[in-house]
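Visitor: the following comprises the amino acid sequence and a computationally predicted model.
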Amino acid sequence: MRSEDYTEELREKHSKIQTRLWQDPEYRKMQSISHSKRTGPRVKYVDKVCLYCGDVFAVAPWENYRKFCSSFCYGKYISIFYVGARASNWRGGLSFVGYPEDFSEELKVLVRERDNNTCQLCGRTKEEEGRDLCVHHIDYDKENCNPRNLTTLCCRCNPKVNFSRSFWSEMFVSSVRKNLNKRIIDLDYMILRKPRCGPCGRKLTKLTRER
């Protein structure tokens, strides 16, 4: 039957027939048996207790590995119990160590200009990011501020490279070697290693030396 031939009168007639059939217990039992033969037996869910909130939730047999009722509880549990030395990415507290004086804004500007203000992983530019891009230490050593050890990343890719560090280090080393401006920035890096004032020990800027 075509859809245009299915009038309101026929629709109402079929609805009454279906209602009368489903009111019969024998018909419902027969439909239930027929459906179970097609789809198999019903799934027996297992009750589990959430490790974070303590609520009871049901899971299918193939989800028996679940320990949390929701992703919210999972995130809260990880943020509380997997911190410090218990975190999988723990490196002895290196993230709390500050950056040296050589890692200055002038050096970051030179590195970004060398990389054309473009993320060396995904290709996002400063204009697309809407802010200055991050400068990343290739060997993950904050004290090593040589421009050959620095590369430019966007805010999305910078956290990504904290995992599989050996892989990212090798990849970024090869990309920096291919950069034609590395000699120029090496010379600029020597300029940025400013001499110190004799009496006070403060680092002298380029402008101070010219005066």
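Guide: Received the coordinates, thanks.

Visitor: and the helix or strand that contains Val111, what's buried?
Guide: Using DSSP states H and E, Val111 falls within helix 105-114. Within helix 105-114, the residues that count as buried by 16 or more other CB atoms under 10 Å are Leu107, Lys108, Leu110, Val111, Arg112, Arg114. (Each C-beta comes from the backbone N, C-alpha and C, glycine too.)

Visitor: redo those residues as TSV? Include distance to Leu10.
Guide: Shown next, in TSV, are these (distance: CB to CB, whole Å):
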residue	distance to Leu10
Leu107	80
Lys108	75
Leu110	79
Val111	75
Arg112	71
Arg114	75
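
Visitor: ok, of those, which one's closest to Asp139?
Guide: Nearest to Asp139, judged by CB to CB, of the buried residues of helix 105-114 is Val111 at 14.6 Å.

Visitor: quick one: the helix holding Val111 to chain centroid distance?
Guide: Relative to the chain's own centre, helix 105-114 is displaced by 26 Å; criterion: CA atoms, centre = their mean, to the nearest Å.

Visitor: please apply the same query to stretch 49-64.
Guide: With CA atoms, centre = their mean as the basis, stretch 49-64 stands 26 Å off its chain's centre.

Visitor: stretch 155-170 too?
Guide: 11 Å.

Visitor: what's it in contact with?
Guide: Identification of contacts with stretch 155-170 by CB atoms under 8 Å, 6 or more residues apart in numbering yields 89, 119, 121-122, 124, 129, 131, 133-134, 136, 138-140, 153.

Visitor: looking at the residues you listed, which gets the smallest pLDDT?
Guide: Among the contacts of stretch 155-170, Asn89 carries the weakest pLDDT, at 65.

Visitor: what's the following helix or strand after the helix holding Val111?
Guide: Next in line after helix 105-114, if elements are assigned by DSSP H and E, sits helix 126-129.

Visitor: relative to the helix or strand that that following helix is followed by, what are the paired strands and their orientations?
Guide: Under the assignment DSSP H and E, the closest C-terminal helix or strand after helix 126-129 is strand 134-137. According to DSSP bridges, strand 134-137 forms sheet pairs with strand 150-153 (antiparallel).

Visitor: got the CA coordinates for the strand it pairs with in PDB?
Guide: What follows is strand 150-153, C-alpha atoms only, in PDB (Å, rounded to 0.1, in the frame of the first residue of the first chain):
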ATOM      1  CA  LEU A 150      63.100  24.500  21.700                       C
ATOM      2  CA  THR A 151      60.100  24.200  19.400                       C
ATOM      3  CA  THR A 152      56.800  26.000  19.000                       C
ATOM      4  CA  LEU A 153      53.500  24.200  19.900                       C
END
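
Visitor: next SSE downstream of that strand?
Guide: Following strand 150-153 in sequence order, the next helix or strand is helix 157-160 (DSSP H and E).

Visitor: quick check: mean pLDDT across whatever helix or strand comes next after that next one?
Guide: Going down the chain from helix 157-160, the next helix or strand is helix 165-177, by DSSP H and E. Mean pLDDT, helix 165-177: 80.

Visitor: state the distance from the spatially most central residue of the chain to Asp141.
Guide: With distances taken as CA atoms, centre = their mean, Lys160 lies nearest the centre of the chain, 6.2 Å away. In this view, Lys160 and Asp141 are 19 Å apart by CB to CB, to the nearest Å.
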